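**Q** quick one, what's the 3D model for this:
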Amino acid sequence: MNKFNMSTTDAAIAAIALDRTSAAPLHVQLTSQLRDMILSGRIAPGGRLPGSRAFAGDLGVSRITVTTSMDQLVAEGFAEGRHGRGLFVAPHLPDTSLKIAGFDEPFEIHPIETGRSSPAPFQPAAHDARLFPHDEWAKLLEQSWRNPDNRAGSGIDPSGHPALREAIAHHLHEWRGLRCQPTQVFVTAGGGDATQLLIRAIGLAGHNVVLEDPGYPLFASELSQQGVNVVPVAVDEDGLNPAAMPSARLAITTPSRHYPTGVTMPLTRRLDLLAWSDRHGALILEDDFDSEYRYRGTPLPTLIGLASNDRVLYMGSFSKVFTPQVRLGYLVVPEPLVSAFEYVLNERGPLASAIAQPALARFMASGRFATHIRRMRRVYSVRQQALIESVSRHLAGALIVQAEAGGMHLTARLSAGLAARMNDVQVSEKAREAGLVLPALSSYCSASADHQGVLMGYSGFDEAELNAACAKLADLLQA
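**A** The predicted structure follows:
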């Protein structure tokens, strides 16, 4: 330590003044002033701080006041002890942004305003928290935490928890007739994560990808941001039309129940789509987002089940079937593509929750997942009918709905009388101002806004809530 450091340190410390009338404790005042002097450079890095006994005498305070202050400076990284020599200002100081941010100034943390805590009618795909098996899920989370399945070793398998991948393979075989091995199943953190995996594993950047129009907006945004050429193709009453599709690297489709219109792709159209894939050497991603919720009739076979080649990938989500809180989904890929997806996941690392996966695996393996789906199917079927009756009762002259074989929302068309007064975006805006969530069908379109209608979700609301919301909407549209 040089004489310059010693003199400047002594001069700075001599300027310390403690206010015994202040509400702030003396040790807090002392720490604050010493910290300010260090940050301002009045006490230079490496400067020796006075001994606690002499310092306490100079300040007229107890020694414990000084030692408490010094201990705090050491804890914050402003000072360090040197064996047998005393306490010194640290040569490398903590981030000076502490000073800039007003470290010692009064500051109040305000809670985040979250708005309503429950979904608003008619939010599509909303979940009713009152129907979720909270107790069972809590027990499974605790069991998984206390008694983990260690087959993956001490690390986390980037492809997904092995037991969950097995449970998904069994579920898809029992519910959708898929024949896939657990090694073909990759657990994702939802649709966005799955799309990013596709882009990298398949090499989509710079290639054409066909999307349904109207369609799920997330696909278009994720693909476009990564340099993929998005090609929107209009959906008709039978879904995506292969006759209108150009050559592409991939086509993404929702054949079981198109989102958002709700139409089902017939078997002949599905076979045509597979033939398009063969002609162009293209891949198909089948998004089967809510196929478990089918209320009437026998579901048509999946594209992946019909395919005789290795060109169809299959995507599903637990956000709609179980709960959006777990943020889990999955991809089933053909055997020849498994190594490509494994490579990307091993390089990037997993995004899907490692805590929820073992619990969900146990929930599925126990049979309680299937029981939960069957229960929700009964509830949602009743709610769909309740919405149809409420629309007929209150909105007969404004909106047109009809029963669908499955799903979690209905797509209501605007009547001629209402369409003459406003478009679906204006209807949606009126609803929003009144606290209702009624997305405009045209907002899901890329090429044109020819599709006019609104999405009316019913899954998250009981019969009384749906009826009240329809009555409220009727008043809005008549005003």
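**Q** contact partners of stretch 181-188?
**A** 159-162, 164-166, 168-169, 194, 197, 328-335, 338, 341, 345, 350-352, 357 (Cβ atoms under 8 Å, 6 or more residues apart in numbering). All C-beta atoms are positioned from the backbone trio N, CA, C, and that covers glycine.
**Q** quick check: the residue nearest to the spatial centre of the chain vs His171, distance?
**A** For the chain, Arg327 is the residue whose C-alpha lies nearest the centre (Cα atoms, centre = their mean; 5.7 Å). Separation of Arg327 from His171 (Cβ to Cβ, to the nearest Å): 18 Å.
**Q** for this protein, which helix is longest?
**A** Ranked by number of residues, the top helix in the chain under DSSP state H is helix 368-394.
**Q** residue ranges with poor pLDDT in this structure?
**A** By pLDDT under 70, the low-scoring segments of the chain are 1-8, 95-106, 115-117, 149-155, 448-449.
**Q** where do the strands of it begin and end?
**A** 79-82, 86-89, 185-188, 208-213, 229-236, 239-240, 250-253, 283-287, 312-317, 329-332, 399-400, 409-414, 453-457 (DSSP state E).
**Q** which secondary structure elements does the second one contact?
**A** Here strand 86-89 is seen to pack against strand 79-82 when contacts are counted using 3 or more Cβ pairs under 8 Å, 6 or more residues apart in numbering; DSSP states H and E.
**Q** for the strand it packs on, buried residues please.
**A** Buried residues in strand 79-82, counted by 16 or more other Cβ atoms under 10 Å: Ala79.
**Q** same question for stretch 348-363.
**A** Buried residues in stretch 348-363 (16+ other Cβ under 10 Å): 350-353, 356-363.
**Q** next one: stretch 175-191
**A** So stretch 175-191, judged by 16+ other Cβ under 10 Å, has buried residues 175-176, 178, 180, 182, 184-191.
**Q** output those residues as JSON lines; include the columns distance to Ser247.
**A** Output for these, formatted as JSON lines (distance: Cβ to Cβ, whole Å):
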{"residue": "Trp175", "distance to Ser247": "34"}
{"residue": "Arg176", "distance to Ser247": "29"}
{"residue": "Leu178", "distance to Ser247": "28"}
{"residue": "Cys180", "distance to Ser247": "28"}
{"residue": "Pro182", "distance to Ser247": "34"}
{"residue": "Gln184", "distance to Ser247": "27"}
{"residue": "Val185", "distance to Ser247": "30"}
{"residue": "Phe186", "distance to Ser247": "27"}
{"residue": "Val187", "distance to Ser247": "32"}
{"residue": "Thr188", "distance to Ser247": "28"}
{"residue": "Ala189", "distance to Ser247": "31"}
{"residue": "Gly190", "distance to Ser247": "30"}
{"residue": "Gly191", "distance to Ser247": "25"}
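**Q** just checking, Val401 touches Leu414?
**A** No: in this structure, Val401 is not within contact of Leu414 by Cβ atoms under 8 Å, at 11.1 Å.
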